[in-house]
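[1] Below is the sequence, then the predicted model.
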Amino acid sequence: NIDYETIHSQNGSSTQSEIVMEITDDSPTEEKGTLTVSVLITNVNESPTWGNTSIGATADEGIPYQSSAITWGDVDLGDSHELSSDDLPDWLILDVNKKLTGTPSTADVNPSTSFTLKLQDQGGLEITKYLTIDVRGNEAPGFNGSLNDTWEEEISDSWTITFTDENNVDSGTLTATLSSELELGFTQNGMSGIVSGKLPHSYVDQDVTFEITLNDGRNGNPLETTETFTISVDSNDAPYFTNTDDIIQLIHHGCQYNYDVNWYDPDGDNVEFVGNESIGWLNVNNSSGVLSGTPAEINIGDIGSVLLTITDDRSNASESTDYTFTISVDQNYAPQFGNTEDVDSTATVGEEYSFQFGISDENSDDFVFTVPTRPSWLYYNSSNYTISGTPSSADTTHNVTVKAADCGEVTSFSFSIEVTD
């Protein structure tokens with residue numbers, strides 16, 4: 001095989017090539033023979049072919065445009081080529097790096113900017129490529145999201161406002177300017193801005209406005225948009241008590257009073273709690289809101305007033321809520337055993353002993369039943385006031401004491417159980 005391209009690189013010319021072939025036989029003397037052939041090879045020029053012609057489909061007015069490099073191929077080794085165009089738009093050129101570059105102006109805006117690239121080789125063969133670029137006109141920037149917000153009076157607040165740009169090419173040059181008489185601060189962060197400040201009490205229940213102007217900074221044709229934003233100023237809402245409906249207003253003497261007062265602030269302000277009272281036995285914890293204490297017998301019949309106040313910490317617009325109630329102290333009556341005369345005072349070895357006490361409380365208090373003194377075999381049920389068990393040995397008498405205790409008073413009853421066979 002003879003590859004002509006490896007020995008000839010002249011388009012349209014011929015080469016005279018001489019080929020000598022030598023043959024050796026396998027005789028002892030290795031006789032040789034030669035054959036010389038002269039070949040005239042004429043080269044035929046072939047057309048080049050396009051490589052990369054992906055130049056990008058869009059360009060924007062006032063923005064520098066640059067395509068990727070135009071490339072091609074040619075089977076004719078060493079061939080030289082000329083890349084050109086007869087109809088490039090005025091704003092576009094082919095640079096030395098075979099790239100299309102330029103900056104379209106407003107007058108160049110056209111969604112179908114078309115032209116033809118030509119590629120010609122050294123031998124005069126030419127190929128063409130028809131291309132189109134959408135030259136987009138600049139469009140004014142805009143805003144995303146709501147134009148309205150609500151702020152609380154006398155609280156530092158902020159509002160993040162985002163910007164838009166249809167062509168997505170002006171984010172680096174877009175500027176935002178705030179116009180306001182409200183002494184608001186403004187910080188731009190690229191395609192968004194933060195409006196911040198504190199609106200005084202004088203604006204309560206009003207709608208106040210400010211303007212933001214966007215300028216995209218487009219070379220040759222900068223566009224701007226001004227929008228009005230509205231802030232509705234909400235008044236401070238007072239804190240309120242959440243559980244005063246269940247607050248204890250009657251306590252028996254000798255019983256512990258304990259109530260945890262709770263509250264809530266709808267605006268999230270810090271709240272201070274203060275309790276004012278004229279009740280000597282009552283303690284008020286202003287940090288936790290817990291009311292506690294134990295009235296004595298001397299306080300029976302007393303009625304005392306309590307004023308609870310919660311106040312938020314909103315500067316220049318603080319709100320408070322009061323709650324007033326009374327606490328009465330009545331006499332506590334100890335729980336009473338109602339059937340002690342029926343207690344069984346004997347038990348039999350190996351047989352179950354059982355007795356249920358009847359207990360009442362004149363104040364209808366809850367009480368606790370216990371048996372602090374009892375033999376080891378005797379058990380008790382604090383829920384139904386029953387004692388029971390099975391003794392295992394006789395000739396023994398056991399002392400038993402039962403108690404019933406409410407919040408402040410205790411009643412005891414003692415008796416003996418004799419164990420027999």
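    On my side now, so go ahead.
[2] For Asp170, pull up the helix or strand it's in.
    Applying DSSP states H and E as the criterion places Asp170 outside every helix and strand.
[3] got the domain boundaries for this structure?
    Using automatic domain parsing, the domain ranges for the chain come out as 4-42, 49-136, 142-234, 240-330, 336-420.
[4] Where does pLDDT dip in the stretch 101-250 of the chain?
    By pLDDT under 70, the stretch 101-250 of the chain has no low-scoring segment.
[5] partners of the host helix or strand of Ala176, with directions?
    If you go by DSSP H and E, Ala176 is part of strand 175-179. Strand 175-179 sits in its sheet next to strand 207-215 (antiparallel), going by DSSP bridges.
[6] what about stretch 245-259, how long is it end to end?
    Across stretch 245-259, the terminal residues are separated by 12 Å (CA to CA, to the nearest Å).
[7] Sorry, slip of the keys, the one I care about is stretch 260-277.
    Across stretch 260-277, first to last residue, CA to CA, it's 16 Å.
[8] For the nearest residue to Gly51 once chain neighbours are set aside, grab phi and psi.
    Computed as CB to CB, 6 or more residues apart in numbering, the closest residue to Gly51 that is not its neighbour in sequence is Thr71, at 3.4 Å. Every residue, glycine included, has its C-beta placed from N, CA and C. Thr71 has phi and psi values of phi -130, psi 160 when expressed as degrees, to the nearest 10.
[9] rewinding a little: list the contacts of the strand holding Ala176.
    Contacts to strand 175-179, defined as CB atoms under 8 Å, 6 or more residues apart in numbering, come from residues 163, 184, 186, 188, 193, 195, 210-215, 217.
[10] same question, stretch 191-202
    By CB under 8 Å, 6+ apart, stretch 191-202 touches 151, 153-165, 171, 174, 176, 178, 182-187, 208, 210, 212, 229, 231, 233, 316-317.
[11] cool, stretch 85-93 as well?
    Outside stretch 85-93, the residues that touch it by CB under 8 Å, 6+ apart are 65, 94, 100-105, 108, 113-118, 133.
[12] what about 6 Å?
    Leu100, Gly102, Pro104, Asp108, Thr113, Phe115, Thr116, Leu117 (CB atoms under 6 Å, 6 or more residues apart in numbering).
[13] Now, those that are in strands?
    Among those, the residues falling in strands (DSSP state E) are Leu100, Gly102, Thr113, Phe115, Thr116, Leu117.
[14] Can you turn the buried part of these into a ChimeraX selection?
    Burial among the ones in strands among the contacts of stretch 85-93 is assessed by 16 or more other CB atoms under 10 Å; the matching ChimeraX selection reads:
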select :100,102,113,115,117
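[15] want to throw the ones in strands among the contacts of stretch 85-93 into JSON lines with distance to Val39?
    Listed next are the ones in strands among the contacts of stretch 85-93 as JSON lines, based on distance: CB to CB, whole Å:
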{"residue": "Leu100", "distance to Val39": "46"}
{"residue": "Gly102", "distance to Val39": "52"}
{"residue": "Thr113", "distance to Val39": "53"}
{"residue": "Phe115", "distance to Val39": "46"}
{"residue": "Thr116", "distance to Val39": "42"}
{"residue": "Leu117", "distance to Val39": "39"}
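[16] just the ones in strands among the contacts of stretch 85-93 now: which is nearest Ile19?
    When those are ranked by distance to Ile19 (CB to CB), Leu117 comes first, at 43.0 Å.
[17] The closest one pairs with what?
    With DSSP bridges applied, Leu117 shows beta-bridge pairing to Lys129.
[18] try Thr311
    On the basis of DSSP bridges, Thr311 is bridged to Glu272, Ser320.
[19] same deal with Thr230?
    Note on Thr230: beta-bridge partners by DSSP bridges are Asn148, Thr209.
[20] how close does it get to Glu277?
    48 Å (CB to CB, to the nearest Å).
[21] With Asp302 instead?
    12 Å.
[22] what's the answer for Asp342, then?
    Distance of Asp342 to Glu277, computed by CB to CB: 48 Å.
[23] okay, the two: which has more neighbours?
    Neighbour count, other CB atoms under 10 Å: between Asp342 and Glu277, Glu277 has more, with 18 against 10.
[24] so that one touches Leu308, yeah?
    No: contact criterion CB atoms under 6 Å: Glu277 and Leu308 do not qualify, at 8.9 Å.
[25] tell me which element Ser376 falls in.
    Counting by DSSP H and E, no helix or strand carries Ser376.
[26] burial measure for it, as a count.
    Residues lying near Ser376 (other CB under 10 Å) number 9.
[27] got it, and Phe357?
    By the criterion of other CB under 10 Å, Phe357 has 20 neighbours.
[28] Also Val419?
    The burial count for Val419: 19, using other CB under 10 Å.
[29] And Met191, by the same measure?
    18.
[30] What distance do you get for it to Ile161?
    10 Å.
[31] what are the pairing partners of the helix or strand hosting Ser354, and which direction each?
    Assigned by DSSP H and E, Ser354 belongs to strand 353-356. As defined by DSSP bridges, the strand partners of strand 353-356 come to strand 386-389 (antiparallel).
[32] need the contact list for the residue nearest the centre of the chain.
    Note on the chain: the residue nearest the mean C-alpha position is Thr160, at 15.2 Å, using CA atoms, centre = their mean. If you count contacts by CB under 6 Å, 6+ apart, Thr160 has them with Ser192, Ile194.
[33] Glu166 too?
    Contacts of Glu166 were listed using CB under 6 Å, 6+ apart, and they are Glu139.
[34] circling back: now do the strand holding Ser354: distance to the chain's middle.
    65 Å (CA atoms, centre = their mean, to the nearest Å).
[35] could you point out which element follows it?
    Once strand 353-356 ends, the next helix or strand along the chain (criterion: DSSP H and E) is strand 359-360.
[36] can you tell me how far Asn276 sits from Ser114?
    88 Å.
[37] Next, the distance between the ends of stretch 351-360.
    Stretch 351-360: ends 30 Å apart by CA to CA.
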